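A.B. asks: Predicted model, plus sequence, below.
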Amino acid sequence: MKQSDDLLAGLDDIDWAALGHAYGSAEDVPGQLRGVCGPDEEARESAFRSLFSNIFHQGSRYSASPYAVPFLTRIAATGPPGARGDALLLLTRLAVDWHDEYDLPLGIDAAAWRAAAVSPEENLRWYDEAIAAETDEKRLRNLREGRAYCAAGHPVDAREGALRSYDAVRARLPALFGLLGDPAPEIRTRTAYLLGWFPEDTAAALPPLLACLDREQDSITAATVLVAIGLLADHDPDGRLRRHLDHGHPLLRWAAATALARLLVAHPAAAPGLPPTERVAAELAAFGAGPVPEPATAHHDGDLHSYTIRSLLSLMRTAESPDGILLKILPALSRIKEPRQLAARTENLLTALFDPADTAPVFADLSPGRRKLLRALADLLTTTDFQPWRFGWNLHKQFTERGLPGTRPALRTYVGLPTEGEDSPAPLPDPWEPLRNP
């Protein structure tokens, strides 16, 4: 109980009832934090699930979310062994959501995020102007309720609400740097993964990351540190990334290539001191052509083939032969089996390679790399993947807005593949239909 009391000192000084989370008042958060620190493993896991769902519900952050950060930081540093990794995971999610999908391979653009966020003061001014101009009683009532919610300190703009939690975690980073020397590889790995999302703190984060890399024996931790260094640095510190490009472990070679690819694109001034684009791309392609080592780093939710494809796509900006880079993507693309990820990578590829301003490109006029890519997609994508769906990826639109065929049979005809047995797809059912017609 003494340790728990130390971890949660000041918990009852916060007016949790005045704060909110996904299900209303946050008055249950103190009990959940106490449960996370408790001795019973099953109860601890249950408390953590409830806490995670409450203050980080499906990616949303709430007025209570940043207030939990100091306690989660203490738990990560010195809490019960079973709770520390969970605390680091929740700290990461509170800070950056699932930004792997949004911001890799170049990392967080914190300046753009801050510029896009709408402050509470701006929102209050907007409400005041809207209330002054509104004459409809129902809309006026809704506007007044919204203003009261904003004035009570609850985030209205999702970007601003997320920044509150991001900055709360950012303020606690110095207390987490020491975890890069923790005896447990899981703690070192999760800490390195977290630090890679704070480019504004590169000067403070880079030295402990480099020190960790120099002594690290665990391959997963070392790979995570390499990627984090690549996401933060504007150069290759003392050639560490270059040296790891020749490491005996394939995961570390991939991590070094991933970090170097980001530097080549984001910091071209560093390019003269880095391996050439073709060398980095060759290492990424070699990794993408094979199975991902198990276990792997947590980046891109563990889907390192997708991460590899996105890094290779970014390198097309710096390559002498962009088509040569494109051809290196195909083996990694064929390794992706999960439909959602395949659809997402298809969108990335089409966005990078085809300008929506172009209309109905002639297949024979495309470069060899583009032709091979479209043939591969015609084989890899299922028929239904092309259909617009309320909860899915609208690949039909992604293809047709670039003048490309919008169904698999039509795409196969376009690229010169046989279409025997390929039927035109029926639209997927509307998931809301049962609710409309019970």
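C.D. replies: Perfect, I can see it now.
A.B. asks: and Ala296, how far is that from Val227?
C.D. replies: Here the criterion is C-beta to C-beta, to the nearest Å. By it, Ala296 lies 11 Å from Val227. For every residue, glycine as well, the C-beta is placed using N, CA and C.
A.B. asks: Looking at these two, which has the bigger crowd around it?
C.D. replies: Between Ala296 and Val227, counted using other C-beta atoms under 10 Å, Val227 has the larger neighbour count: 27 against 19.
A.B. asks: Find the nearest non-adjacent residue to that one, please.
C.D. replies: Ala255 (5.2 Å; C-beta to C-beta, 6 or more residues apart in numbering).
A.B. asks: Pro356 touches Phe399, doesn't it?
C.D. replies: No - counting by C-beta atoms under 8 Å, Pro356 does not reach Phe399; the two are 10.9 Å apart.
A.B. asks: Compare neighbour counts for the two and give me the winner.
C.D. replies: Taking other C-beta under 10 Å, Pro356 and Phe399 do not tie; Phe399 has more neighbours (25 against 11).
A.B. asks: can you pull the contacts of the more buried one?
C.D. replies: The contact partners of Phe399, by C-beta atoms under 8 Å, 6 or more residues apart in numbering, come to Leu350, Phe386, Pro405, Gly406, Leu411.
A.B. asks: Check which helix or strand it maps to.
C.D. replies: helix 395-400 (DSSP states H and E).
A.B. asks: For that helix, list the C-alpha coordinates in PDB.
C.D. replies: Extracted C-alpha coordinates of helix 395-400, given in PDB (Å, rounded to 0.1, in the frame of the first residue of the first chain):
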ATOM      1  CA  LEU A 395     -11.000   1.700 -53.700                       C
ATOM      2  CA  HIS A 396     -13.500   2.000 -56.500                       C
ATOM      3  CA  LYS A 397     -13.200   5.800 -56.100                       C
ATOM      4  CA  GLN A 398      -9.400   5.600 -55.700                       C
ATOM      5  CA  PHE A 399      -9.100   3.900 -59.100                       C
ATOM      6  CA  THR A 400     -11.800   5.800 -61.000                       C
END
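A.B. asks: List the buried residues for that helix?
C.D. replies: Leu395, His396, Gln398, Phe399 (16 or more other C-beta atoms under 10 Å).
A.B. asks: for stretch 151-168, same thing?
C.D. replies: Residues 154-157, 160-168 are the ones in stretch 151-168 that count as buried (16+ other C-beta under 10 Å).
A.B. asks: Next, format those residues as a markdown table and append distance to Leu380.
C.D. replies: A markdown table is the format used below for the buried residues of stretch 151-168 (distance: C-beta to C-beta, whole Å):
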| residue | distance to Leu380 |
| --- | --- |
| His154 | 44 |
| Pro155 | 40 |
| Val156 | 42 |
| Asp157 | 39 |
| Glu160 | 40 |
| Gly161 | 38 |
| Ala162 | 34 |
| Leu163 | 38 |
| Arg164 | 41 |
| Ser165 | 38 |
| Tyr166 | 36 |
| Asp167 | 41 |
| Ala168 | 42 |
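A.B. asks: Redo these as JSON lines? Include secondary structure.
C.D. replies: Formatted as JSON lines, these follow (DSSP: H, G, I helix; E, B strand; the rest coil):
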{"residue": "His154", "secondary structure": "coil"}
{"residue": "Pro155", "secondary structure": "coil"}
{"residue": "Val156", "secondary structure": "coil"}
{"residue": "Asp157", "secondary structure": "coil"}
{"residue": "Glu160", "secondary structure": "helix"}
{"residue": "Gly161", "secondary structure": "helix"}
{"residue": "Ala162", "secondary structure": "helix"}
{"residue": "Leu163", "secondary structure": "helix"}
{"residue": "Arg164", "secondary structure": "helix"}
{"residue": "Ser165", "secondary structure": "helix"}
{"residue": "Tyr166", "secondary structure": "helix"}
{"residue": "Asp167", "secondary structure": "helix"}
{"residue": "Ala168", "secondary structure": "helix"}
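A.B. asks: Between all of these, which two are separated the most?
C.D. replies: In terms of C-beta to C-beta, these reach their longest pairwise distance at Val156 and Ala168, which sit 18.0 Å apart.
A.B. asks: For whichever helix or strand comes after the helix holding Phe399, which helices and strands make contact with it?
C.D. replies: Using DSSP H and E, the next helix or strand after helix 395-400 towards the C-terminus is helix 408-415. Counting contacts by 3 or more C-beta pairs under 8 Å, 6 or more residues apart in numbering; DSSP states H and E, helix 408-415 is packed against helix 368-380.
A.B. asks: Other residues contacting the helix it packs on?
C.D. replies: Under the criterion C-beta under 8 Å, 6+ apart, residues 322-324, 326-327, 329-330, 333-334, 336, 342, 346, 349, 353-354, 363, 366, 404, 408, 411-412, 414-417 lie in contact with helix 368-380.
A.B. asks: The residue nearest to Tyr307 when sequence neighbours are not counted: what's it in contact with?
C.D. replies: Of all residues not flanking Tyr307 in the chain, His300 sits nearest, at 4.0 Å (C-beta to C-beta, 6+ apart). Taking C-beta under 8 Å, 6+ apart, we find His300 in contact with Asp100, Glu101, Leu104, Ser306, Tyr307, Arg310.
A.B. asks: one more time with 10 Å
C.D. replies: When contacts are counted by C-beta atoms under 10 Å, 6 or more residues apart in numbering, His300 touches 98, 100-101, 104-105, 227, 258, 306-310, 341.
A.B. asks: which one of the buried residues of stretch 151-168 sits closest to Glu129?
C.D. replies: Using C-beta to C-beta, the buried residues of stretch 151-168 come closest to Glu129 at Val156, 14.6 Å.
A.B. asks: sorry, back to before: among the contacts of His300, which are located in helices?
C.D. replies: Mapping the contacts of His300 onto helices (DSSP state H) picks out Asp100, Glu101, Val227, Thr258, Ser306, Tyr307, Thr308, Ile309, Arg310, Gln341.
A.B. asks: okay, now the fifth one: neighbour count?
C.D. replies: It refers to Ser306. 26.
A.B. asks: Surely it and Ala343 touch.
C.D. replies: No - using C-beta atoms under 10 Å, Ser306 is not in contact with Ala343, being 11.0 Å away.
A.B. asks: Following the record's annotation, map out the domains of the protein.
C.D. replies: Here the domain parsing of the chain from automatic domain parsing is 120-151, 337-438.
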